[in-house]
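In: Generate a structure from the sequence data that follows.
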Amino acid sequence: MTLHGALYRKILAVALLAIVIPSLLLFWSLSRFLTAHNAGPLISPVRWWIAAAALAGALAALGSAYYFALSFARRLDRLRGFAEGLIEARASRPSLPVGDDELGPLAQTLNAAAWQLGGLIDRLSLENARRESILSGMMEGVLAVDRAMRVTFCNRSFARAVGCPYPVPESMPLLDLVRNPELTDALKHALESGTPVKGRLQLSGPTNRSLEIQAAPLASPAGPGVIAILHDITDLERLERIRKDFVANVSHELRTPLTAIRGYAETLLDGALEDRENNRRFLEIIKAHSIRLNNIAMDLLVLSELESDSPQPEPERISLRAAVEAAVRTVESEARTREVSLQCGQLDDAQVLGHRMRLEQVLVNLLDNAIKFNRKGGQVKVEITHSDNSHAQIGISDTGIGIPSEDLPRIFERFYRVDKARSREVGGTGLGLSIVKHVVERMHGTIKVESLLGKGSKFVVQFTAL
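Out: Reported below is the predicted structural model:
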């Protein structure tokens, strides 16, 4: 309120009328009285005296009215400012002074309303912060849109899944954020039908992602909308594919030797025991396939042990040179049989923490693969290098058949074979490289492979040296 307001003018007008009207009535009454009693000489002084008194009263009344209006205006301004600031979360806001006049109860009511509203705002702020924290920390993507398919909310996980910067501007059209017909159709179906919708969709990008979407209608003061929760199931689908491949592969690996054992055993029982030319050869074949079954079972047990959370023995200091030399001695006879040259290059000695038996198993598996998948007259070379940054590397290279580039990401999977026909010809369980990777990671090392088809491969195992 300002001093030029309507209430201020009304107060001044009332004060002025309260003085002027009685003064005029008094002036008129005295004039009649003096005229009636023939007091003509006194009329003029009395008139001046009445006029002066009326003027003085009017000025006093106007001054009092001005002071009262100014005080009243300030109090009303304070009440209005306090009421306008109720929605502001200001903990240090002072309370209104409560007077003993008619504005006192109003100030008291505003103080009580401010205290209650402040508590309500604090609770809402806490709940909003808690909701934002929960939604931002969710691994699932959360998206909310309005009837016009404009984004009203999305969390960081959703922005990361669709590959857009976070935070996303509010009211941004969904099509500007992600162009996926399956997502849009699911949201529209949930909005139009008013019932939850569940499905799967594929997001294309640098890495294709599989998402499971659950969309449901969302009621809000601004109008109807849809909220969707998107769960990334890419890794689950990959694990499910690996599980199915593992079951299929292990079933095949077990069925092949079992079929051979059964066939030759039935042949022997059907009379081949008396065949001195073939009975021993049949028994040797049965023994070979039994050994293969035993190797598969042993490798599966090793993998199970490596993947379990069971306590492991305390690691010990291992000499890489001693482990390499032991592994080379183990595969020397296989290399001579296949006419493959086995060479040792630079062998820097280094000490690492781990389990000697497991490390030798890693080296034997890598050397055995390099020999078996080589050509006659080929070469396998092993070397150890110890750099100045406390890292030791074991490199095993060969001049064999090589690995196609599309198969490189999967060669460490269980039972994965690049050349299935060649793998069965040279033997093996198909679990060797998977065991290698698990053992190396258990020793906090890394393994990588480089290969050119038809020219050979090189496996490099790196550990932190002591």
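In: how would you label the nearest residue to residue 364 once chain neighbours are set aside: helix, strand or coil?
Out: Spatial nearest neighbour of residue 364, chain neighbours left out: residue 327 (4.8 Å); criterion: Cβ to Cβ, 6 or more residues apart in numbering. In short, each C-beta sits where N, CA and C put it, glycine included. What DSSP: H, G, I helix; E, B strand; the rest coil gives for residue 327 is helix.
In: burial of residue 327, as a residue count?
Out: 23 (other Cβ atoms under 10 Å).
In: contacting residues for it?
Out: Listed by Cβ atoms under 8 Å, 6 or more residues apart in numbering, the contact set of residue 327 reads 360, 363-364, 367.
In: could these be laid out in JSON lines, adding secondary structure, pLDDT and distance to residue 307?
Out: Converted to JSON lines, the contacts of residue 327 look like this (DSSP: H, G, I helix; E, B strand; the rest coil; pLDDT from 0 to 100; distance: Cβ to Cβ, whole Å):
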{"residue": "360", "secondary structure": "helix", "pLDDT": "91", "distance to residue 307": "20"}
{"residue": "363", "secondary structure": "helix", "pLDDT": "94", "distance to residue 307": "21"}
{"residue": "364", "secondary structure": "helix", "pLDDT": "91", "distance to residue 307": "20"}
{"residue": "367", "secondary structure": "helix", "pLDDT": "94", "distance to residue 307": "24"}
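In: I'd like these laid out as TSV, including neighbour count and distance to residue 316.
Out: Listed next are those as TSV, based on neighbours: other Cβ atoms under 10 Å; distance: Cβ to Cβ, whole Å:
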residue	neighbour count	distance to residue 316
360	19	13
363	23	16
364	20	19
367	24	22
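In: From those, pick the one nearest residue 220.
Out: Nearest to residue 220 among the contacts of residue 327: residue 363, at 63.9 Å, using Cβ to Cβ.
In: hang on, isn't that closest one packed against residue 323?
Out: Yes: with contacts counted by Cβ atoms under 8 Å, residue 363 reaches residue 323, the gap being 6.1 Å.
In: Quick check: phi and psi on residue 340?
Out: phi -110, psi 130 (degrees, to the nearest 10).
In: isn't it right next to residue 368, touching?
Out: No: applying Cβ under 8 Å as the test, residue 340 and residue 368 come out as separate, 10.9 Å apart.
In: okay, residue 372: pLDDT?
Out: What the model reports as pLDDT for residue 372 is 88.
In: Could you tell me how far it is located from residue 401?
Out: 10 Å (Cβ to Cβ, to the nearest Å).
In: One more: residue 194?
Out: Here the criterion is Cβ to Cβ. By it, residue 194 lies 61 Å from residue 401.
In: Compare the two (neighbour count), which wins?
Out: Each of residue 194 and residue 401 has its neighbours counted (other Cβ under 10 Å); residue 401 has more, 19 against 9.
In: Find the nearest non-adjacent residue to the more buried one, please.
Out: residue 373 (5.6 Å).
In: and that neighbour, how far is that from residue 451?
Out: In terms of Cβ to Cβ, residue 373 sits 10 Å off from residue 451.
In: just residue 433 next, same as before
Out: Counting by Cβ to Cβ, the gap from residue 433 to residue 451 is 13 Å.
In: buried ones in stretch 404-422?
Out: In terms of neighbour count (16 or more other Cβ atoms under 10 Å), stretch 404-422 has its buried residues at 411-418.
In: Looking at those residues, which two lie furthest apart in space?
Out: Counting by Cβ to Cβ, the most remote pair of those is 414 and 418, 14.1 Å apart.
In: Backbone dihedrals for residue 220, please?
Out: phi -150, psi 160.
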